[in-house]
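Asks: Structure for this input, please:
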Amino acid sequence: MNGKVGNMSVQEMKKDTVGLTKVTDDNLSTHVARSFDLINFKIDRKVESIIIKPNLCYYWDSFTGYTTDPRLVASIIDVLREKYGLDKVNIKIAEADASAMRTSHAFKMLGYERLAEEKHVTLTNLSAERTTTKKVSIMGKEISYEVPESLLSADLFVNVPKMKIMSATILTCALKNIFGCIATPRKLAYHPILEEAIVGINTILKPHLTIVDGMIALSHFPVKMNLLVSGLSPFSVDWTVAKIMGYNPNRIRFLRLARQERLGDPDEMQIIGENLTDFKNKFPHVNAFRLKWQNKLQLKLLRTYSKIVDDVIPPFLET
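Replies: As a prediction, the model looks like this:
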């Protein structure tokens, strides 16, 4: 383990603590509760509304490494209710439409309708909710977003991303999952300034808790990692995930931008729980240059596709 949690006082715990929890059996709720304890997660305010944002970027099952496992979301709901006494609180599972995905279809195909019925929670399409326009400036670029008002007012906002590589940004995890909250379905419009846009939306929307589904992660193929990564800071979570994937976080542009915008500081981080190196050795590293070359090829294909037909963007081109 990277930290002696049992002997660590609350005062010694840094705000940007990231917990690594190994999933050793099917009792996910036990591991989720452990991941909360690692980062000393507490609820110090009245909670009447909870929103959980998984990553449902397309219609592929969680076993492909692309989407958040509904079993993890179910376990998070159980722990919030049982450990924190939130059994009477309104809980919503929320996702927004994307260029290549409709949330209503994803909820049905990926097991979230069944989950909602079993756990008595609500499914919400963020693209159909009331929004407010927010503008930020990142690196001199003014960026406008349609932001769901429910996310701005939620008493508890839980970010549940998937751990994946992405050709445009090297990795996609906690910060990128918040980008997926933008109500505008055609998020492809942000891709010329994607890294700035990811950072910008994270200056507006700030989840209270992030827990990463790294049970099956996605490199150039799905890999069973049996890992949960928890943290209060999406930046610190992504910085840690970059290390697990074998990348230098300082060389990932959106993380550098996020640091400049003071979304986090690696000097204030600590990683506790399991040994990071054990998981790093499991993850099949993909060369960053290869990913960038792949992204250029995909964009070229996208431009060609757009000239031929005005239709839904193929998911492999958008992501």
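Asks: Quick one: residues contacting residue 187.
Replies: The contact partners of residue 187, taken as Cβ atoms under 8 Å, 6 or more residues apart in numbering, are 98-99, 179-180, 318. All C-beta spots, glycine's among them, are computed from the backbone N, C-alpha and C.
Asks: was I right about residue 195 contacting residue 254?
Replies: Yes. Using Cβ atoms under 8 Å, residue 195 is in contact with residue 254, at 3.9 Å.
Asks: Which neighbours do the two have in common?
Replies: With Cβ under 8 Å, 6+ apart as the test, residue 195 and residue 254 both reach residue 169.
Asks: For residue 141, see how far away residue 192 is.
Replies: According to Cβ to Cβ, to the nearest Å, residue 192 and residue 141 sit 10 Å apart.
Asks: I misspoke; the intended subject was residue 34.
Replies: 41 Å.
Asks: that older thread, okay, the contacts of residue 187 in CSV with pLDDT, secondary structure and neighbour count next?
Replies: Below are the contacts of residue 187 laid out as CSV (pLDDT from 0 to 100; DSSP: H, G, I helix; E, B strand; the rest coil; neighbours: other Cβ atoms under 10 Å):
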residue, pLDDT, secondary structure, neighbour count
98, 86, strand, 25
99, 75, coil, 18
179, 97, helix, 22
180, 95, coil, 24
318, 48, helix, 20
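Asks: and which of these is nearest residue 107?
Replies: Distance to residue 107, by Cβ to Cβ, is smallest for residue 98 among the contacts of residue 187, at 13.4 Å.
Asks: Please name the bridge partners of the closest one.
Replies: In this structure, residue 98 bridges to residue 101 when assessed by DSSP bridges.
Asks: unless I'm mixing things up, it is touching residue 57, no?
Replies: Yes. Contact criterion Cβ under 8 Å: residue 98 and residue 57 qualify, at 6.4 Å.
Asks: if I look at those two, which residues touch both of them?
Replies: Common neighbours of residue 98 and residue 57, using Cβ under 8 Å, 6+ apart, are residue 180.
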